[in-house]
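Colleague: Predicted model and sequence below, questions to follow.
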Amino acid sequence: MNARLYGVEGYLISLLKRSQTLSYYASSRGWGFVMAWAHRVAGLLLVVYVLFHIVTLTGLQEPARFSAKMAFLDNVFFAFLEWTLAVPVIFHALNGIRLILYELFGVRDEKRMLRWVFALSALYVCTLGLFMALGNQHISAGVFWLTTALAALLVTGGVCDRVWQTQNSLGWKLQRVSAAFLFPMVCGHMFFMHLNAKAGHDVNTILERMSGMGIRVIDFVFVVVIFFHAGFGLNTIIGDTVENNRLRTGIKMASCFVVLVFAYVGLRLVANI
Amino acid sequence: MATSKNGLKIQSVLKTDVLIIGAGGAGLRCAAAICEQRPDTRVVAVTKVHSPQKSHTSAAQGGMAAVDPKDPLDKIVYHMFDTWKGSDCSADQNIIRKVCESAWDQIVWLERHGMHFSRTDEGRIAKRPFGGHMLNFGEVKAFRACYEADRTGKGIMDTVWAEALKHEVIFLNQTVAVELLMRNSRCVGAVVLMEHTGAFVAVLAKATVMATGGKTRMYQVSTNCRQNTGDGLALVLQAGLPVMDVEAVQFHPTGIVGPGILASEALRGEGGILRNAEGEPFMERYAPTAKDLAPRDLVSRCIMNEIREGRGCVHPDHGLPHVWLDLRHLPEHVHKTRIQEVCGFFRKFVGVEPQSELCPVTPTAHYQMGGAPTNEFGEVQKDPQHVVDGLYACGEFAAASLHGHNRLGTNSLLELITMGKVVGDRVVEYLRDAPEPGELPDEAGHRALERFSRHLEARGTERFAAIRDALRRLMMDKVGVFRDEKGLSEAIEEIAELKSRATQMALSSKTLVMNQELIQNWELNHLLDVSYVIAQCALARRESRGAHYREDFPDRSPEFHYHTLAYMPEFGKITLDQRPIDMSIYEAQGEHYERFAVIERKY
Amino acid sequence: MTQQYDIVLKVSRYDPDVQRAWVQDYSLKAGGILRFVDLFRKINDEQDPTLAWSSSCEHAQCGSCGMRINGRPLLTCELLVETAMQMFNTSTFSVAPLTVAPVVRDLVVDLERAYQRIHIAKPYIIAPAPPPPEGDEYRIVPKVLDRYVEATRCINCFCCATACVTQKNHLGPNAMLVNVVRMMDPRETAMKQRAGLLYGEQGLPRCRTAQACSFVCPKEIDVAHFIALAKQGAFDPVS
Ligand SMILES: Cc1cc2nc3c(=O)[nH]c(=O)nc-3n(C[C@H](O)[C@H](O)[C@H](O)COP(=O)(O)OP(=O)(O)OC[C@H]3O[C@@H](n4cnc5c(N)ncnc54)[C@H](O)[C@@H]3O)c2cc1C
Ligand code: HEM
Ligand code: HEM
Ligand code: SF4
Ligand code: F3S
Ligand code: FES
């Protein structure tokens, strides 16, 4: 990736290259190596966010308290934080898709793929920022989620079809399948929540939306899939880094437990509202 | 157990059925043969390098000769004739017959054990022409070299190594053999130094196979690896055994200027052409029929001649004289698939793009035809009539001799594999009622430990590098492609002087663990010993034969129709002897026997 | 030699006798077409005979001389001073051993330990297909061979394994190649066992598709491609 740089992604890459550590690894092990670590870091950030997210969402059971909390979060600083969350989300999502295309669909044009990841990420983050600033877009929740869920099922089907015949381990396959499902879902979720000021932050809007059976089913599946993906992701990271057998099993079990507890809380929330 | 003055001692004893010194292509083919036939044999293989796979066989490029019985044109007798003619009539005909006849079987063995030969469109093993290999007794070039792109040696090494692994051969890596253990003139194993731990270990074995490979690091420009320092020959000499035909050192015509890395003959096999400074394809002048594919000794001398007569070039960076190898006219797919590795060498090491530029090449020391004399079963001889019980040798280290005074390209890999197998078979037979090696002989390790303590205690300001470089230059100049009486006599004196200087190299660190300096100094003595013997043998052979070319005696002489044997139990105390050349094919008076007479060698 | 450069090598050293590790600087003058192994030899000859390093063929063909130069794992016998200066844009180089196995001394690592992984991957044919008639070879047409022939060029230099993201519980990219080659080799029939090794805990699931292996491979083998072929099931009996 040291050919001529052009476009947004070219600019982004040249920015990244200014970091000594990044360019050290990029020049000694290639961009793929940097991307792999970035993917991992983003994944971990997302895990942390989702856990935190579930905790805040449990507030929905007491709408008044939720409103109070939301009011606290309702300022420029937190809006900015929410916006920056889009970076790990979209980077992890697009890079995940890149990995799936490389591993399962024989797309080996790496340079172009990396460019696309950077370019589309920038596009997503900017558009999201724009909508957040405008804060006045509207779309029917039903239509939006129906199309997103359909898109998700379609992508999932495609990946399923590819991966199912292979001799890879079940967990490995499900990780790709869940990733495919999450790609439209998470990107869509984040987008939807910022179409307007109310969509993601106003208790009544949220509760009204969540009273619909369709949305609840979708959310239910969403929680299951995300927690599987997060849990297995953690499992992978632990497997890649902890050598001692006993220690590894211990940490794996602990992380599994945490993920299951949160998944249970999340599911109960969807069911009880 | 032996203990030297300053406390060096043998720390442990390991008992095994077979000890293989040198886990290269030959050693491991032998190990595989033993284990295949006698699965519960305990085989220990030692190698100087990190892992057997790193042995120098991995660097061989071009191919391995074998006549495919399905080939309608080629016949084994042509291969035998080419080898005989190539050797300048000094190879042993019983060996030639044995090796050439079993060649194809060995190719099939390799193929069945997983070697990735290059293939023809029908999926058969592909073959390419190679220097000196011809049809119809020298008429047109033969397609006889089976190959794996330009990494044939690597393919062989990987295959025999993996096979040995499968049979659970015990490897002692980064371990040097430092002394042969003899009892009542039977070989009962060896003392080795394990570099990782710094421990001397005595390995007692019923049978010992030596396959320490090449030994031409004493030349300034050499294709040989860093470890090819003639240890094997030195050990044999120290044990009071002879070496044979060591004066026959082959210079490969096309070394890449600078590091001496080999640009395989396969390049010329695929159609590469040598050109002098004027762009003339000069080989047409010297060898009208075989042209660029004439045997190596001839091509090397032609190149040197061009350079001497002022038609060579001088490399701007290395300051070394050279000629050009032209590959520009070869089709793209040849560059991409068949000579990919070697072309990469030019790109990497001299910054030349072979598809569009001329490549600078110069003769480089490559292969030693001579070695430890063995009979046709690979049993090491102590004199022409007697063998040493329990000691075997194969590979480049041994001289059976298939190559006489000049080896044809691709015949070495063939020899490793066929003779490795022959030795394996013989060892299996021997093991059937071989006596136990017994306890460690009393004087075991004395010699080796004594040497090491001498190195450890050496005082003085002589520098290793200075002696090594002086030796390498000297050998190249005076015992190289061209030799004469004066040069050789001077060389002998100078080597003796270097030898005495070499006793005054003080070590910076006295540890035994991975002490590179210590090993280097130890190796330098071997280089000096072997160089001395080479020069002496070259001086004694007052004729030109194969790779041994005496300017003062440019012709072959019937007087010297024998193998040179040399003994040197102590530096300088050299005695020469002779071994007759086996002429059994000629003497049998069968079909074509007249071809195997002492014939003229013209290409 | 046309031009001399002033080079500084910052060499990681380790003395097993006293178990001490340190970094030592060596300054030297060198021509542009010297290789790094030549530099080490020069150091041995002129400055410090105790520096231990490894090499064998010095042809880039055996894989003994892998080291990390400015962090990048490569073969030091094919790295010219000039190339290195262009590659890293400096004349100061850190020289450190590979990370696949413990260091024995200075730049020498215990490759025997690293090789254990290759042994686990079984580089031979485990169960050969029914052989052709006596004296005949298996038929492998170029179309079949070409699919995996690149992967057979691996020399086990362990550069890829040093560069890979996953350093633990992983047999490593080159061990994966061993299995991939044999699974694509029509002479092998032990597919179950191979698949067990390839898709097992220490196999492909540990690969994060970082492609550092392809990036550093001195033989320019696209290792990640072959690993991905396996994930993709390119040679599964079913597909
Ligand atoms: C660049 C190059 C290209 C070649 N190309 C061809 C070709 O195309 N065709 C052909 O037929 N031939 C070719 N040859 C020749 C051929 O490769 C060699 O003759 C052959 O590989 C030697 O094999 P070997 O098994 O005898 O020794 P090696 O493979 O060199 O093995 C020797 C073994 O002995 C070990 N050893 C050495 N000393 C000691 C010691 N003191 N203690 C313990 N172990 C020790 C070494 O570590 C090594 O494991 C080529 C040679 C070179 C250098
Ligand atoms: C938005 C769509 C997503 C896609 C396309 C996606 C894709 C992927 C893929 C393909 C992997 C496997 C990488 C590998 O094995 O090398 C992965 C790993 C992982 N994902 Fe996701 N993911 C998504 C969302 C998420 C979310 C929401 C989380 C967190 C809750 C998450 C957490 C993780 C973690 C922790 C890993 C393990 C990372 C590692 O092994 O280095 N992912 N993801
Ligand atoms: C910052 C932007 C985000 C906002 C404002 C937001 C808001 C919300 C809201 C309001 C809900 C309630 C359900 C619904 O309305 O459908 C919800 C649910 C959920 N969100 Fe987000 N979200 C954001 C980002 C994310 C991200 C990045 C992830 C994934 C990594 C995520 C994962 C989930 C999950 C799993 C649920 C379902 C939880 C449950 O019902 O138990 N959200 N989010
Ligand atoms: S794949 Fe490449 S980097 Fe890895 S061991 Fe093989 S040759 Fe070395
Ligand atoms: S670097 Fe490692 S992560 Fe996979 S693609 Fe190569 S093995
Ligand atoms: S020394 Fe053999 S690859 Fe570098």
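Modeller: Cool, got the structure. Ligands and ions are numbered 1, 2, ... in the order given.
Colleague: Give me the distance between the helix or strand bottoming out on mean pLDDT in chain C and the centre of its chain.
Modeller: Counting by mean pLDDT, DSSP states H and E, chain C has its least confident helix or strand at helix C:81-88, which shows a mean of 92. Remark: helix C:81-88 is offset 20 Å from the chain centroid, using CA atoms, centre = their mean, to the nearest Å.
Colleague: So the residue in the stretch 101-250 of chain B that ligand 4 sits nearest to: helix, strand or coil?
Modeller: Among the residues of the stretch 101-250 of chain B, residue B:154 lies closest to ligand 4, at 10.9 Å counting by CB to the nearest ligand atom. Where C-beta positions appear, they are placed from N, C-alpha and C, glycine not excepted. Put simply, residue B:154 is helix when judged by DSSP: H, G, I helix; E, B strand; the rest coil.
Colleague: How about stretch A:56-70, which residues are buried there?
Modeller: Neighbour counts over stretch A:56-70 (16 or more other CB atoms under 10 Å in any protein chain shown) mark A:57, A:59-60, A:66-67, A:70 as buried.
Colleague: What is the most widely separated pair among those residues?
Modeller: The most widely separated members of those, counting by CB to CB, are A:57 and A:67 (13.3 Å).
Colleague: what's the helix or strand harbouring residue B:31 packed up against?
Modeller: Using DSSP states H and E, residue B:31 maps to helix B:25-37. On a contact count with 3 or more CB pairs under 8 Å, 6 or more residues apart in numbering or on different chains; DSSP states H and E, helix B:25-37 meets strand B:10-21, strand B:43-46, helix B:152-166, helix B:411-432.
Colleague: Please enumerate the helices of the stretch 401-550 of chain B.
Modeller: Taking DSSP state H, counting those that start in this stretch, the helices of the stretch 401-550 of chain B run over residues B:411-432, B:446-457, B:464-478, B:485-501, B:516-540.
Colleague: Tell me the secondary structure at whatever residue of chain A ends up closest to ligand 5.
Modeller: When scored by CB to the nearest ligand atom, chain A has residue A:36 as its residue closest to ligand 5, at 6.4 Å. Secondary structure, three-state DSSP: residue A:36 is helix.
Colleague: now it, nearest residue through space, not along the chain?
Modeller: The shortest distance from residue A:36 to any non-neighbouring residue, by CB to CB, 6 or more residues apart in numbering or on different chains, is to residue C:210 (3.8 Å).
Colleague: and the one you found, what pLDDT?
Modeller: Residue C:210 is assigned 97 on the pLDDT scale.
Colleague: Okay, buried residues for the helix or strand hosting residue B:390 please.
Modeller: Applying DSSP H and E as the criterion places residue B:390 in strand B:386-393. The neighbour-count check on strand B:386-393 (16+ other CB under 10 Å) flags B:387-393 as buried.
Colleague: try stretch A:111-121
Modeller: Buried residues in stretch A:111-121, defined by neighbour count with 16+ other CB under 10 Å: A:113-121.
Colleague: Tabulate the CA atom coordinates of that stretch in CSV.
Modeller: Provided in CSV are the C-alpha atoms of stretch A:111-121 (Å, rounded to 0.1, in the frame of the first residue of the first chain):
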residue,chain,number,x,y,z
LYS,A,111,-5.2,-3.4,-1.9
ARG,A,112,-8.6,-2.5,-3.4
MET,A,113,-10.4,-4.1,-0.5
LEU,A,114,-8.5,-2.1,2.0
ARG,A,115,-9.3,1.1,0.1
TRP,A,116,-12.9,0.3,0.1
VAL,A,117,-12.9,-0.3,3.8
PHE,A,118,-11.4,3.1,4.4
ALA,A,119,-13.5,4.9,1.9
LEU,A,120,-16.9,3.4,3.0
SER,A,121,-16.0,3.9,6.6
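Colleague: What separation do you get for residue B:287 and ligand 6?
Modeller: From residue B:287 across to ligand 6, the span is 34 Å (CB to the nearest ligand atom, to the nearest Å).
Colleague: One more: residue B:443?
Modeller: To ligand 6, residue B:443 is 38 Å away according to CB to the nearest ligand atom.
Colleague: tally of neighbours for that residue?
Modeller: Residue B:443 sits with 11 neighbouring residues when counted by other CB atoms under 10 Å in any protein chain shown.
Colleague: same deal with residue B:415?
Modeller: Residue B:415: 28 surrounding residues under other CB under 10 Å.
Colleague: these two touch, right, it and residue B:395?
Modeller: Yes. Contact status for residue B:415 versus residue B:395: in contact at 7.3 Å, counting by CB atoms under 8 Å.
Colleague: Now do the strands in chain C.
Modeller: For chain C, applying DSSP state E gives strands covering C:4-15, C:20-31, C:66-69, C:72-75, C:92-96, C:103-105, C:108-109.
Colleague: by contact count, what packs against the first one?
Modeller: With contacts defined as 3+ CB pairs under 8 Å, 6+ apart, strand C:4-15 has these neighbours: strand C:20-31, helix C:81-88, strand C:92-96, strand C:103-105.
Colleague: So which residues on chain A come close to chain C?
Modeller: Neighbours of chain C within chain A, by CB under 8 Å from any CB of the partner chain: A:24-25, A:27-30, A:32-33, A:35-37, A:39-40, A:99, A:102-106, A:108, A:110, A:162, A:165-169, A:171-172, A:236, A:239-243, A:248.
Colleague: residue ranges with poor pLDDT in the chain?
Modeller: Chain wasn't specified; assuming chain A. For chain A, the stretches with pLDDT under 70 are A:1-6.
Colleague: try chain B instead
Modeller: B:1-5.
Colleague: Nearest to chain A: which residue in it?
Modeller: Chain A sits closest to residue B:336 of chain B, with a gap of 18.7 Å, by CB to the nearest CB.
Colleague: check contacts around that residue.
Modeller: By CB atoms under 8 Å, 6 or more residues apart in numbering or on different chains, residue B:336 lies in contact with nothing.
Colleague: Around the closest residue in space to residue C:95 that isn't next to it in sequence, how many other residues sit close by?
Modeller: Counting by CB to CB, 6+ apart, residue C:11 is the residue found nearest to residue C:95 once chain neighbours are left out, at 4.6 Å. Residues near residue C:11, counting by other CB under 10 Å, number 22.
Colleague: Ok, residue A:255 next?
Modeller: A count of nearby residues for residue A:255, using other CB under 10 Å, gives 18.
Colleague: same thing with the one 5 residues further on?
Modeller: Here the number of neighbours of residue A:260 (other CB under 10 Å) works out to 12.
Colleague: and it, what is it in contact with?
Modeller: A:227, A:231.
Colleague: Using the three-state scheme, assign it.
Modeller: Secondary structure assignment for residue A:260 (three-state DSSP): helix.
Colleague: could you check the distance from it over to chain B?
Modeller: Noted for residue A:260: a distance of 45 Å to chain B, by CB to the nearest CB, to the nearest Å.
Colleague: re the thing from before, show me which residues of the least confident helix or strand of chain C are buried.
Modeller: Residues C:81-85, C:87-88 are the ones in helix C:81-88 that count as buried (16+ other CB under 10 Å).
Colleague: coming back round to it: and the helices of the stretch 401-550 of chain B as JSON lines, adding distance to residue B:135?
Modeller: Putting the helices of the stretch 401-550 of chain B into JSON lines (distance: least, CB to CB, whole Å) gives the following:
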{"stretch": "helix B:411-432", "distance to residue B:135": "16"}
{"stretch": "helix B:446-457", "distance to residue B:135": "51"}
{"stretch": "helix B:464-478", "distance to residue B:135": "36"}
{"stretch": "helix B:485-501", "distance to residue B:135": "39"}
{"stretch": "helix B:516-540", "distance to residue B:135": "34"}
